[in-house]
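Participant: give me coordinates for this.
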Amino acid sequence: MRCLSVPSSLELFISAYFLNNQPHVARFLFEQMPQRNTTSYNTLISGYVKLGCLSDAQTIFDTMPESNVVSWTSLLRGYIQAGAINEAEALFRRMPEKNVISCTVMLGGLIQEGRIDDARRLFDTMPERDVVTRTIMVSGYCQMCRTAEAREIFDDMPRRNVIAWTAMISGYAHNLQLDQARKLFEVMPEKNEVTWTAMLTGYTQAGRIEEANDLFKRMKMKPVIACNAMIIGFGQCGMVTEARDVFNQMLEKDDGTWSSMVKIYEQNSSPLEALDLFRSMQMANCRPSVPSIVSVLIVCANLAILGHGRQVHAVMVRSHFDSDVFVVSALITVYVKCGELAMARMIFDMSDGKDVGLWNSMITGYAQHGLGEEALKIFNDMCSAGVIPDEITYIGALSACSYSGMVERGKAIFKSLNSNSIVRPTAEHYACMVDMLGRAGQIEKALEIIRKMPVEADAVVWGALLGACRIHKKVEIAEIAAKKLLQLEAWNSGPYILLSNIYAAMGRWEDVAKLRKVLSLRSVSKSPGCSWIEVDKTVHMFTGGDIMVHPEHEIIACMLERLDGLLKEMGYTPDLSYVLHDVDEEQKMLNLRYHSERQAVAFGLLKVREGMPIRVMKNLRICGDCHTAINLIAKAMAREIILRDANRFHHFKDGNCSCREYW
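Facilitator: As a prediction, the model looks like this:
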């Protein structure tokens, strides 16, 4: 066995120090070498290139007493890795000698820049083209969606390895030419895990989940990447159970596995399952990723569960994601939707490099809480900071004006939007204007805006008008809006319910009965009013009129009776117009007592310790009678009650509501 010479041993050490990211030690060893040859210099150049130290590599190259094709190719690779394609081309032209490796490196650089035609010209001039070179060209053409030219090169290959086959199959799959991919896949002499996964991913991305599943079952070895592709594919098709079955069968899971499953639960209306899985992920010592953190924050925001949100915040800080603006924006949304505006503002103020999404989170947050002045101050600060508002910014600012009754300022913002050359008004911006005018009682002007809209009014616009008609009991215009909504969304029960509410408030019970009959005939189901409250990290749900479902219904009923007594002492008279059934007065009062938001408030009074706010969420707009009652309850019990309904927040304290009765 030949002993290594001293220079060869040092070259090995130099390479090792570069691998361990210690270029200064490597350079020191190089300087100490008693003899240096071209190989020694090339080792140093290659090490610098791998670490991205291009200027050091260039310096060593320039001082070489003699360079060879390896030296030139290493430096060429460095320029291409740095994205300096023009410098790479100049260096390539100066090369005194080129081989298949140097040409292949240059070829890859051109393809990396999307210059496939230049790459083809170089490819055609190459005296020697090996399987690697040809495979790079196949991949390049596929990246540019030119699969026919890729196939020509593939078919002309004198020898193909598994990488070449996989490149062509992946290219077809990436371009959703799945039938061509499958034909090639079936005749491929030897397949590896990458090939199977490429074919599988193509099917899942195209939504052809049955074919993907058949292929998945045929796989002898199921690598993590293939399992993840199936989980994502099932999730995209709403097949949550099937996705979880794959997840459960996996012996090995990576962060992508956990993140994908958490996201599937979040996107398929299974928020509690998403939270449970996120906890299991932590117990499995799997470091959370940005997608999993964001998914769980979205769940916490939608359910407005502050305790869980704080826990995820802590995980986020420990994982050093607190500088990611996307994650921070999601975190701010959690605190906003949990009614913790002070905390949201503190995080916002501490954030560096605020992007438009971060500003939007605060503007929208203040708007939802009815704090129009604060929202517009943030809007003005954003413009002063040189951040260009986008569509969402204007929606937030217009919503702030709508919720706070600032009609003239809203008109001015909408006018500035019309003169903005970057953002053009959409149906959603017009919906904000309709909502703002409608809340202010200017129903006819709101209808006029709809009729003059340059874009077609959608369900959001007509829904805003119908909601305003309910507030101001404008039956004729309500019927126009409801008719339009039913043309746009025949499956949606919302228009029926709103119009029914208007008829009921005016005692038009025959019309209410007719609408209910239409609902029944069309098989349109009404979403029941439900409210929920988080106590000790457990979410308690309540449905209107159905108190018996809760395991502690007896003490809740007793508390509701007690509250009724307190309300009578305070001079409260139930507003029976909010009972949507033609029953006697005693039954109407009972119906009001058992509205879901009142059940949740009663439970909060029993379970949330004194001094802490009671936070209740509702899926629909809060009932007007409940608004009055909860305001009085907050005063009588000396508690702060924060209620978030489908539209906005209501902070009840000392007999006042943050909405100032404008909602």
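
Participant: domains in this protein, by residue range?
Facilitator: 426-525, 530-657 (automatic domain parsing).

Participant: quick check: mean pLDDT of the longest one?
Facilitator: Per-residue pLDDT values over domain 530-657 give a mean of 88.

Participant: what about that domain, distance to the chain center?
Facilitator: 33 Å (C-alpha atoms, centre = their mean, to the nearest Å).

Participant: next, the distance between the ends of it.
Facilitator: Across domain 530-657, the terminal residues are separated by 21 Å (C-alpha to C-alpha, to the nearest Å).

Participant: tell me where the stretch 251-400 of the chain has helices.
Facilitator: Taking DSSP state H, counting those that start in this stretch as the test, the helices found in the stretch 251-400 of the chain are 255-267, 271-283, 290-303, 306-318, 325-337, 341-350, 356-368, 372-384, 391-404.

Participant: nearest to Cys103, of the domains of the chain?
Facilitator: domain 426-525 (51.1 Å; C-beta to C-beta). C-beta here means a position set from N, CA and C on the backbone, and glycine is covered the same way.

Participant: just how off-centre is that closest one within its chain?
Facilitator: So, by C-alpha atoms, centre = their mean, the centroid of domain 426-525 is 30 Å from its chain's centroid.

Participant: what of stretch 117-128?
Facilitator: That offset, for stretch 117-128, works out to 43 Å (C-alpha atoms, centre = their mean).

Participant: how about it: buried residues?
Facilitator: 118-120, 122-123, 126 (16 or more other C-beta atoms under 10 Å).

Participant: Asp118: helix or strand, and which one exactly?
Facilitator: helix 116-125 (DSSP states H and E).

Participant: same thing with Val616?
Facilitator: Assigned by DSSP H and E, Val616 belongs to strand 614-618.

Participant: can you tell me what sits against that strand?
Facilitator: Contact with strand 614-618 is made by 303-304, 306, 338-339, 529-534, 596-597, 600-601, 604-605, 608, 639-646, as judged by C-beta atoms under 8 Å, 6 or more residues apart in numbering.

Participant: just the buried subset of those residues, written out for PyMOL, thanks.
Facilitator: Those of the contacts of strand 614-618 that count as buried under 16+ other C-beta under 10 Å are selected in PyMOL with:
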select buried, resi 303+304+306+338+339+529+530+531+532+533+534+596+597+600+601+604+605+608+639+640+641+642+643+644+645
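
Participant: among the contacts of strand 614-618, name the ones in helices.
Facilitator: 303, 306, 596-597, 600-601, 604-605 (DSSP state H).

Participant: how about CSV for those, with distance to Val312 added?
Facilitator: Listed next are the ones in helices among the contacts of strand 614-618 as CSV, based on distance: C-beta to C-beta, whole Å:
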residue, distance to Val312
Leu303, 12
Leu306, 11
Ser596, 27
Glu597, 26
Ala600, 23
Val601, 26
Gly604, 23
Leu605, 28
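
Participant: against Asp625, how distant is Trp509?
Facilitator: From Trp509 across to Asp625, the span is 18 Å (C-beta to C-beta, to the nearest Å).

Participant: the two: which has the busier surroundings?
Facilitator: When Trp509 and Asp625 are compared for neighbours, Asp625 comes out ahead with 22 against 13, by other C-beta atoms under 10 Å.

Participant: show me the contacts for the more buried one.
Facilitator: Taking C-beta under 8 Å, 6+ apart, we find Asp625 in contact with 574-576, 578, 592, 595.

Participant: now Thr538: phi and psi?
Facilitator: Backbone geometry at Thr538, expressed as degrees, to the nearest 10, gives phi -120, psi 130.

Participant: partner residues bridging it?
Facilitator: Val535 (DSSP bridges).

Participant: just give me the neighbour total for it.
Facilitator: 11.

Participant: for it, give its distance to Phe603.
Facilitator: 11 Å.

Participant: so which elements touch the helix of greatest length in the chain?
Facilitator: Secondary structure of the chain per DSSP H: the longest helix is helix 553-569. Helix 553-569 sits against helix 596-607, helix 624-636, with contacts defined as 3 or more C-beta pairs under 8 Å, 6 or more residues apart in numbering; DSSP states H and E.

Participant: show me what contacts Ala284?
Facilitator: Taking C-beta under 8 Å, 6+ apart, one finds 253, 258 in contact with Ala284.
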